[in-house]
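Asker: what's the 3D shape of this:
(one chain, ligands or ions: 1)
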Amino acid sequence: MCGIVGAIAQRNVVPILLEGLQRLEYRGYDSAGLVVVHDEELDRVRSTGRVADLTKKTASTQGLIGIAHTRWATHGVPSERNAHPHVSKNQIAVVHNGIIENYEILRTRLTSEGYEFASDTDTEVIGHLIHSYYKNGGTLLAATQAALAELVGAYAIGVIANDNRDQLVCARRGSPLLLGVGDGEHFIASDVSALLAQTRKVVYLEEGDVVELGRHGYKIFDVNGRHVERIVQLSELSNDSVELGLYQHYMQKEIHEQPQALADTLESVCNSQSLVPGIFGAQAANTFADIDSILILACGTSHHAGLVARYWLEEIAGIRCNVEIASEYRYRDSVANPKSLVVVISQSGETADTQAALNHAKSLGHTHTLAICNVPESALIRLCKLRMLTRAGPEIGVASTKAFTTQLAALFLLTLVLAKQRGRLSLQDEQRHLHDLRHLPSAVQKVLELEPHIAKLAEKFASKHNALFLGRGLHFPIAAEGALKLKEVSYIHAEAYPAGELKHGPLALVDKDMPVISVAPNDALLEKLKSNLQEVRARGGELYVFADANTHIKEAEGIHIMHMPEHAGYLSPILHTIPLQLLAYYVALQKGTDVDKPRNLAKSVTVE
Ligand code: M6R
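Answerer: Modelled structure (predicted):
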């Protein structure tokens, strides 16, 4: 998704803006641009290439105030004319994340007032609207506030004017934006990682905030225009955590970070002798006592985590659980159960569909809400009464990896806490699960040792156009996640099916050109799964089986086995995820795709 960086300083801000944009590249973009004020002129440079191209094009650009943007096209094709910043009458420059829903009405009105539109974007109306107020006199802040009052939709914006090199104005509603506090300089960004090279002191803006930044201070005004103070926080992210280090790609780095990410997420629990609801917030015990079911809302990989959790929650905690794709739920007139706990799962905490689904659930009468999320201070964290932060650290690769396995760990804890509260967890079982959780990071580490074998296996996929993933029960969502990873980074069309569903249709697809990847844990459904694999083999399908020890599935012609080091019981989905992530990664390497920034995709999907 789009990214914003802005700076007002006593030094040239161009390197600050470029470094910030570079750090936002992971969010996905198709064009980039920046503008600075120099000699009372707006000096704007844009490019449809990478930030590196913009760097070349701005070699001689200088200014003490500027705003910059990476664009992920929504309105209008990726092109230089649609790239931000957008400029009105050479006086006002704007960068924008989000979508302005009433832009067509505004565009018609502004056109009749003499404004010319140079792009197909919704953003351009913001610049012209601000200009229409600014030209009548008054401050940039006042003109921006007046313009914002007319906008319908979501935005995070940065604004500068050619005749004012001492003030940068920014605002947010529905899209994230934060301030960076420096010494004699201030910054804005849509993501804290953009600012880490400048400062770790940040202010997370609230919905509706508008800010006037100078070099030596800033003033925040809330949604009602009142001057307010917001807390300055010290970001816990270190500069290193967003560096690639020795790895070739962020996806590979993040796959390898999973043992640590899991250990960090489970830290408080694994260091104690028993499970307490407090890990989900001070009100958790009361809330959990009042609920009779769970409703999980999420998108993409996070939705797959919810699908795994449904098995755990119903089987271990004995609580009814529904899992819904957020983008569908938000538009469905469902029957609300106020005794249900609404759980939103999200890496970014900013996914527009998940936010909208949560708000929809609330509007239907749901009051019990829990966010499982990887980003502190994100929108979903703020919107929920209960919360658990996964501590995966920044996930830069567009393909979600460590966020997924840490979500699973958090959801397993939720299951155990609810099971205990509902009298379904003996002391002995609690200790056994705690033991398994403590062992989990090293179990994942052992699976990672399969990497060279999987890299070899991936060579067989380079020429394939399709792949089928099979799993059963708790591992069907893992097959679905494996298929999503493969299609996302290698562009091979992949589908997942519960193995028992094969003969109801997808078996027709199986022939020698269709690789079939199967997750084969040593669980109660193993023998059923083996029969399904026979059905594939009998039709000439080539099988790739990730099998636990003692499954007695043998390597043979057309059957390739990858042996998993151990069977992890209920935690097995976490272990079985790892080889599928590695497979997708190495197939993508074979195919030479842009692994960390797959075409057409964005890291956090903050628009509908
Ligand atoms: O930030 P979120 O977890 O809410 O994001 C949800 C999906 O957009 C995300 O999981 C997406 O499917 C990933 N690219 C999958 O790798």
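Asker: give the burial count for the nearest residue to residue 273 once chain neighbours are set aside, as a bare number.
Answerer: Using C-beta to C-beta, 6 or more residues apart in numbering and skipping the chain neighbours, the partner closest in space to residue 273 is residue 434 (7.7 Å). For glycine as for every other residue, the C-beta is placed from the backbone atoms N, C-alpha and C. Using other C-beta atoms under 10 Å, residue 434 is surrounded by 18 other residues.
Asker: any idea how far residue 199 lies from the ligand?
Answerer: According to C-beta to the nearest ligand atom, to the nearest Å, residue 199 stands 25 Å off from the ligand.
Asker: let me redo that: residue 283
Answerer: For residue 283 relative to the ligand (C-beta to the nearest ligand atom), the value is 24 Å.
Asker: buried set for the strand or helix carrying residue 439?
Answerer: Assigned by DSSP states H and E, residue 439 falls within helix 427-448. For helix 427-448, burial by neighbour count (16 or more other C-beta atoms under 10 Å) applies to 430, 433, 434, 437, 440, 441, 443, 444, 445, 447, 448.
Asker: quick revisit: can you check the pLDDT for the residue nearest to residue 273?
Answerer: pLDDT, residue 434: 93.
Asker: so it touches residue 276, yeah?
Answerer: No: assessed by C-beta atoms under 8 Å, residue 434 is found out of contact with residue 276, at 12.0 Å.
Asker: relative to residue 236, how far out is the residue in the stretch 151-300 of the chain positioned nearest to the ligand?
Answerer: As assessed by C-beta to the nearest ligand atom, the ligand sits closest to residue 300 within the stretch 151-300 of the chain, at 2.0 Å. Residue 300 sits 26 Å away from residue 236, going by C-beta to C-beta, to the nearest Å.
Asker: out of those two, which sits in the busier spot?
Answerer: Neighbours per residue, other C-beta under 10 Å: of residue 300 and residue 236, the larger number sits with residue 300, 23 against 11.
Asker: contact partners for the more buried one?
Answerer: 400, 484 (C-beta atoms under 8 Å, 6 or more residues apart in numbering).
Asker: what residues sit buried inside the longest strand anywhere in the chain?
Answerer: Ranked by residue count and defined by DSSP state E, the top strand of the chain is strand 164-173. Buried residues in strand 164-173, defined by neighbour count with 16+ other C-beta under 10 Å: 164, 165, 167, 168, 169, 170, 171, 172, 173.
Asker: quick check: next helix or strand after it?
Answerer: Using DSSP H and E, the next helix or strand after strand 164-173 towards the C-terminus is strand 178-181.
Asker: for that following strand, give me every contacting residue.
Answerer: So strand 178-181 is contacted by 170, 186-192, 195, 198-199, 201-205, 211, 213, 218, 232 (C-beta under 8 Å, 6+ apart).
Asker: using CSV, write out every CA atom in it.
Answerer: Taking Å, rounded to 0.1, in the frame of the first residue of the first chain, the C-alpha atoms of strand 178-181 are listed here in CSV:
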residue,chain,number,x,y,z
LEU,A,178,2.6,9.1,13.0
LEU,A,179,4.9,11.9,13.9
GLY,A,180,8.7,11.6,14.5
VAL,A,181,10.1,14.0,17.1
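Asker: so what strands line up beside the helix or strand just after that strand?
Answerer: Next in sequence after strand 178-181, counting helices and strands by DSSP H and E, comes strand 186-189. Strands that pair with strand 186-189, judged by DSSP bridges, come out as strand 3-8 (antiparallel), strand 178-181 (antiparallel).
Asker: could you save the ones you listed as JSON lines and add columns showing mean pLDDT and mean neighbour count?
Answerer: Below are the strands paired with strand 186-189 laid out as JSON lines (pLDDT from 0 to 100; neighbours: other C-beta atoms under 10 Å):
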{"stretch": "strand 3-8", "mean pLDDT": "96", "mean neighbour count": "31"}
{"stretch": "strand 178-181", "mean pLDDT": "96", "mean neighbour count": "24"}
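Asker: how about those strands in TSV, adding distance to residue 86?
Answerer: Shown next, in TSV, are the strands paired with strand 186-189 (distance: least, C-beta to C-beta, whole Å):
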stretch	distance to residue 86
strand 3-8	13
strand 178-181	22
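Asker: among the ones you listed, which is nearest residue 97?
Answerer: For residue 97, the closest of the strands paired with strand 186-189 is strand 3-8, at 5.8 Å, according to C-beta to C-beta.
Asker: off-centre distance for the following helix or strand past that closest one?
Answerer: As assigned by DSSP H and E, the chain's next helix or strand after strand 3-8 is helix 14-24. Computed by C-alpha atoms, centre = their mean, to the nearest Å, the chain-centroid distance of helix 14-24 equals 21 Å.
Asker: flag every buried residue along helix 14-24.
Answerer: Those would be 14, 16, 17, 18, 19, 20, 21, 22, 23, 24, for helix 14-24 by 16+ other C-beta under 10 Å.
Asker: same for that helix, what does it pack against?
Answerer: With contacts defined as 3 or more C-beta pairs under 8 Å, 6 or more residues apart in numbering; DSSP states H and E, helix 14-24 has these neighbours: strand 3-8, strand 31-38, helix 51-57, strand 65-71, strand 186-189.
Asker: now for the helix holding residue 439, which elements pack on it?
Answerer: Using 3+ C-beta pairs under 8 Å, 6+ apart: helix 427-448 touches helix 258-270, helix 402-421, helix 572-591.
Asker: take these and lay them out in CSV including mean pLDDT.
Answerer: Formatted as CSV, the helices and strands packed on helix 427-448 follow (pLDDT from 0 to 100):
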stretch, mean pLDDT
helix 258-270, 89
helix 402-421, 97
helix 572-591, 97
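Asker: could you redo those as JSON lines and give each row distance to the ligand?
Answerer: JSON lines is the format used below for the helices and strands packed on helix 427-448 (distance: least, C-beta to the nearest ligand atom, whole Å):
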{"stretch": "helix 258-270", "distance to the ligand": "14"}
{"stretch": "helix 402-421", "distance to the ligand": "6"}
{"stretch": "helix 572-591", "distance to the ligand": "9"}
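Asker: closest to residue 496 out of those helices?
Answerer: So among those, helix 572-591 is nearest, using C-beta to C-beta, at 10.1 Å.
Asker: need the residues of this protein near the ligand, please.
Answerer: 299-302, 346-348, 351, 354, 398-400, 484, 488, 604-605 (C-beta under 6 Å from any ligand atom).
Asker: ok, those residues vs residue 557, which is closest?
Answerer: residue 484 (29.8 Å).
Asker: my guess is that closest one contacts residue 301. True?
Answerer: Yes: using C-beta under 8 Å, residue 484 is in contact with residue 301, at 6.4 Å.
Asker: not counting its neighbours along the chain, what's nearest residue 550?
Answerer: Nearest one to residue 550, counting by C-beta to C-beta, 6+ apart, is residue 522 at 5.5 Å.
Asker: I figured the one you found hits residue 549, correct?
Answerer: Yes: judged on C-beta under 8 Å, residue 522 makes contact with residue 549 at a distance of 6.9 Å.
Asker: now for the two: what residues contact both?
Answerer: Contacts common to residue 522 and residue 549, judged by C-beta under 8 Å, 6+ apart, are residue 567.
Asker: out of these two, which sits in the more crowded spot?
Answerer: Each of residue 522 and residue 549 has its neighbours counted (other C-beta under 10 Å); residue 522 has more, 18 against 11.
Asker: doesn't that one belong to a helix?
Answerer: No: assignment of residue 522 by DSSP: H, G, I helix; E, B strand; the rest coil gives coil, placing it outside any helix.
Asker: got a list of what it touches?
Answerer: 547, 548, 549, 550, 551, 567.
Asker: looking at these, state which has the most neighbours.
Answerer: Going by other C-beta under 10 Å, residue 547 tops the contacts of residue 522 with 26 neighbours.
Asker: once you drop chain neighbours, what's closest to that residue?
Answerer: Nearest residue to residue 547 in three dimensions, chain neighbours excluded: residue 520, at 4.2 Å (C-beta to C-beta, 6+ apart).
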